[in-house]
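Undergrad: Got a predicted structure here, sequence first:
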Amino acid sequence: MHIVTAGLNHKTAPIKIREGLAISNGDLSDVLLSLKTLSAVEETMLLSTCNRVELYGATKDVDAAIKELRQFLIQRNPTIAPEQLTQHLYFLSDDDAVRHLFRVASSLDSMVMGEPQILGQFKDAMESAVSQGCTGVVLNKVLKKAISVAKKVRTDTPIGEQAVSVSYAAVELAKKFFQNLADHSVMLVGAGEMGELAGRHLVNHGVTRVMVTTRNFQRAVGFAKQFKGEPVAFETFRQEMLRADIVICSTGSSHPIITVQDMTDIMRERQNKPICIIDIAVPRDVEDGVRNIDDVYLFNIDDLQQIVTVNIEERQKAALTAEAIVHEEVAMMMGWMKTLETVPTIVALKKRAEGIRQVEVAKVLARLPDLSDAEREIVDGLASSIVNKLLHRPLVTLKEEAANANSTMYVDATRRLFSLDEEHSADK
Amino acid sequence: MTIPYFELTLIVYFFGAGLFVTSLAVRTEILSSLAVGMTAFGFVLHSATLHTLLFGTDHVALSRFFDVMVFFAWGLILTFLIVEYANRIPVLGSFVLPLAVLALIFAATVKQDLQVLEPVLSNIIWLHVGMIVSGTVAFALAFVAGIMYLLQERLLKSRQFTPMYHKLPPLDFLDDLNRKSIFLGFPLLTLGIVAGAVWENFVWNWDPKQISTALTWLFYLIVLLGRLLMGWRAKHAAYLTIVGFVGVLVTFANVG
């Protein structure tokens, strides 16, 4: 059996081509059903996200399978000329295909490396394929392995831990001040897009008290609703900063709106209670001198960018470890794929039986030292005939089924029933 | 006399401390995980040492300065292991382990037969020394939390996102650790002092030991009240606990 992959992703195809091929959830089961009719591809799965459309398959004939999958993708999108679509497609087989599958599930092939959504999408796609009966022994095993590799990458490497966007870096920064964000309140000054994103991330990380202020109070009211927060009049927001632990500024103001004098007054009343001010606005909303005031911590967009840059470097380092994990797992997977061939299984089964026969005969003969040679031969013959009779049907069936589509099922069952993959277990 | 496992404990902690300090310079957690393991192993040896000192010798337990230091370091490591287990902050070890190593080296350099306290009949010395040492462990933790607070505060203020910045816990956690340590340490110290006073029949004779103990107690009382009533916290509280612990060290030196 061979694994094949066909498809395109954000690296090989522009959005225009990707959206033409993308398959909506509603169409998914129909598409899976038509995939099932392909003759050369015995098992299939389809993964369609905004960054990729990929078909995975298990087949006995790689060339025929790839031909069918290419045809399938071309037919899915009649608006694009076949030659044009083909140049965006990639086709992989065997270890390349398995490696690709593992890398996709582990988010190593994602646009933002380490992003966590892909694993969920991968699982959903697998479930759909399984429920439609598209997968079988081989693909199920490979897909399950892909998920466990992805989990391993996530737990064994810090690939998904650090923020790689500026708005998310604001959360990471806030968490260096406050262990439990739920106990703290945030004030959003201005309704800039970055400020809104940072606010949303903070709320997702537990912040429950949000205050919002903009020059236009009506706008603040609407904005506050999104966060189930409290609108604050722009004229009085400096007094309200007494209640805030995190302040995020993103106004379009051309001059600073929080001055050293403002902040000195506020800090006098806060009694040394630290405040974290993140100024994402350009031009800046907070006077630079504010950072010299005790217990005030001021960060601007460059600081957040610096965090992101360092974190991206960390992700790239983590990716090296992750690739090593994938490499190892691919080798193990390919080893298992080999065992699915009928002939090696028959050989292994015979070897296992012969091993047991020899050990058991030797044991019996050791306990009966007085036997004549003829008698010893009888004992030996008895063991041989039991083993041969017992194995006769399984071996014949394996040979008969070798050419059939579900041969891997028999091979897999045989290997499990006789534990052919556990080396040395015969001695125990 | 030889103390079983004492040297081995010191060696294990020493390398653990080395790993911990090195781990501050790198982002991965491998070194600190390894160091936590080493510390736990050292702690087992340390416990065996302490057991012998408490129950296996002919002198009155905890009546020697050496025993007191070994007990102090033991309490410190135990507290570290508990706090690290509960909060998963191995970075604490980068500060606690060197302190424990220093305490043990200090213990090893003083004469082992040095008697701090005259041979006594009463068992109240157990209470006296035990409480004071436990209180000191709490103050040592407050001291470490204070140092970590000031370091993280510096890094945040100057916007240096170094590996140490990533490893140190949030400021409010450190402030809280500092607060809890003082709140726990102060009653222990007070009980210890009362036990000591009972043992000495409330005789006040202006010796340096008594004076520095009283000053230390007063200092922590002020810090505690400041926290409770005046809203002292954050940087200022961190500075105060560092000063306070220096006072504790002076008292220890006086006693020793």
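TA: Nice, thanks for sending it over.
Undergrad: does chain B sit close to stretch A:138-154?
TA: No. Remark: stretch A:138-154 sits outside contact range of chain B, by C-beta under 8 Å from any C-beta of the partner chain, the gap being at least 14.8 Å. Bear in mind the C-beta positions are built from the backbone N, C-alpha and C, glycine included.
Undergrad: ok, residues contacting that stretch?
TA: Contacting residues not belonging to stretch A:138-154 are listed as A:1, A:3, A:42-45, A:56-58, A:98, A:101-102, A:104-108, A:116, A:119, A:122-123, A:126, A:129-130, A:135, A:159-160, A:322, A:325-326, A:329, A:333, A:336-337, A:340, A:408 [C-beta atoms under 8 Å, 6 or more residues apart in numbering or on different chains].
Undergrad: what distance separates the start and the end of stretch B:198-211?
TA: Taking C-alpha to C-alpha, to the nearest Å, the first and last residues of stretch B:198-211 lie 17 Å apart.
Undergrad: distance between the helix or strand hosting residue A:329 and the chain's centre?
TA: Assigned by DSSP states H and E, residue A:329 falls within helix A:301-339. Between the centre of helix A:301-339 and the centre of its host chain there is 11 Å, according to C-alpha atoms, centre = their mean, to the nearest Å.
Undergrad: For that helix, enumerate the helices and strands it packs against.
TA: Contacting helix A:301-339 under the criterion 3 or more C-beta pairs under 8 Å, 6 or more residues apart in numbering or on different chains; DSSP states H and E are the following elements: helix A:94-105, helix A:137-156, helix A:166-174, helix A:342-367.
Undergrad: Quick check: phi and psi at the residue of chain A positioned farthest from its centre.
TA: Relative to the centre of chain A, and counting by C-alpha atoms, centre = their mean, the farthest-placed residue is residue A:372 at 66.4 Å. For residue A:372, the backbone dihedrals are phi -80, psi 170 (criterion: degrees, to the nearest 10).
Undergrad: just residue A:53 next, same as before
TA: Residue A:53 adopts backbone torsions of phi -130, psi 120, taken as degrees, to the nearest 10.
Undergrad: For it, which residues are in contact?
TA: In this structure, residue A:53 makes contact with A:7, A:8, A:9, A:18, A:21, A:22, A:23, A:46, A:47, A:73, judged by C-beta under 8 Å, 6+ apart.
Undergrad: try 10 Å
TA: Residues in contact with residue A:53 (C-beta atoms under 10 Å, 6 or more residues apart in numbering or on different chains) are A:6-9, A:13, A:17-23, A:46-47, A:73, A:76-77, A:89.
Undergrad: Return the set of residues that bridge with it.
TA: Judged by DSSP bridges, the bridge partners of residue A:53 are residue A:8, residue A:48.
Undergrad: Within range of chain A, give me the residues from chain B.
TA: Where proximity means C-beta under 10 Å from any C-beta of the partner chain, the interface of chain B facing chain A comprises B:27-29, B:87, B:152-153, B:155-163, B:165-166, B:168-176, B:230-237.
Undergrad: Of these, grab the buried ones for PyMOL.
TA: If you want just the buried ones from these in PyMOL, going by 16 or more other C-beta atoms under 10 Å in any protein chain shown, the selection is:
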select buried, chain B and resi 27+152+153+155+156+157+159+161+165+166+168+169+170+171+172+173+174+175+232+233+234+235+236+237
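Undergrad: Give me the below-cutoff pLDDT ranges for the stretch 1-150 of chain B.
TA: B:1-2, B:57-61, B:111-123 (pLDDT under 70).
Undergrad: Tell me the residue of it that sits nearest chain A?
TA: Using C-beta to the nearest C-beta, the closest approach of the stretch 1-150 of chain B to chain A is made by residue B:27 at 6.0 Å.
Undergrad: re earlier: of the contacts of stretch A:138-154, buried ones?
TA: With neighbours counted using 16+ other C-beta under 10 Å, the contacts of stretch A:138-154 contain these buried positions: A:1, A:3, A:42-45, A:56-58, A:98, A:101-102, A:104-108, A:119, A:122, A:126, A:129, A:135, A:159-160, A:322, A:325-326, A:329, A:333, A:337, A:340, A:408.
Undergrad: check contacts around the residue of the stretch 1-150 of chain B closest to chain A.
TA: The neighbours of residue B:27, taking C-beta under 10 Å, 6+ apart as the test, are A:158, A:161-162, A:310-311, A:313-314, A:317-318, B:162-164, B:166-167.
Undergrad: OK, contacts around residue 50?
TA: Went with chain A since none was named. The neighbourhood of residue A:50, defined by C-beta under 10 Å, 6+ apart, consists of A:10, A:15, A:18, A:19, A:22, A:111, A:117, A:121.
Undergrad: oops, I was thinking of chain B
TA: Here residue B:50 is in contact with B:3, B:5, B:6, B:9, B:43, B:61, B:67, B:70, B:71, B:73, B:74, B:75 (criterion: C-beta under 10 Å, 6+ apart).
Undergrad: For the fifth one, what is the enclosing helix or strand?
TA: Residue B:43 is part of helix B:30-55, with elements assigned from DSSP H and E.
Undergrad: Check residue B:193 too.
TA: Secondary structure from DSSP H and E places residue B:193 in helix B:171-199.
Undergrad: How about residue A:221?
TA: Taking DSSP H and E as the criterion, the element that holds residue A:221 is helix A:217-226.
Undergrad: What of residue A:268?
TA: Using DSSP H and E, residue A:268 falls in helix A:260-270.
Undergrad: wait, does that helix contact chain B?
TA: Yes. Helix A:260-270 is in contact with chain B by C-beta under 10 Å from any C-beta, via residue A:270.
Undergrad: Among the contacts of residue B:50, which are located in helices?
TA: Within the contacts of residue B:50, residues falling in helices by DSSP state H are B:6, B:9, B:43, B:67, B:70, B:71, B:73, B:74, B:75.
Undergrad: Would you mind listing the two of these that lie farthest apart?
TA: Spanning the widest gap among those are B:43 and B:67, at 17.2 Å by C-beta to C-beta.
Undergrad: count of residues packed around the residue in the stretch 201-350 of chain A positioned nearest to chain B?
TA: The minimum distance from the stretch 201-350 of chain A to chain B, using C-beta to the nearest C-beta, falls at residue A:271 (4.3 Å). A count of neighbours around residue A:271, defined by other C-beta atoms under 10 Å in any protein chain shown, yields 14.
Undergrad: wait, it sits on residue B:234?
TA: Yes. Under the criterion of C-beta atoms under 10 Å, residue A:271 is in contact with residue B:234, at a separation of 9.4 Å.
Undergrad: Next up, the contacts around the nearest residue to residue A:166 once chain neighbours are set aside.
TA: In this structure, residue A:166 finds its nearest non-sequential neighbour in residue A:304, 4.6 Å apart by C-beta to C-beta, 6 or more residues apart in numbering or on different chains. By C-beta under 10 Å, 6+ apart, the residues touching residue A:304 are A:163, A:165-170, A:172-173, A:194, A:198, A:278-280, B:159, B:161.
Undergrad: hmm, back to that, and the helix holding residue B:43, what's buried?
TA: B:31-32, B:34-36, B:38-39, B:42-43, B:45-46, B:48-50, B:52-53.
Undergrad: Quick check: residue A:188 is in a helix.
TA: No. Note on residue A:188: no helix contains this position according to DSSP: H, G, I helix; E, B strand; the rest coil, which reports strand.
Undergrad: Partner strands of the helix or strand harbouring residue A:248 and their direction?
TA: Using DSSP H and E, the element containing residue A:248 is strand A:246-249. Strand A:246-249 has the following sheet partners, assigned by DSSP bridges: strand A:185-189 (parallel), strand A:275-279 (parallel).
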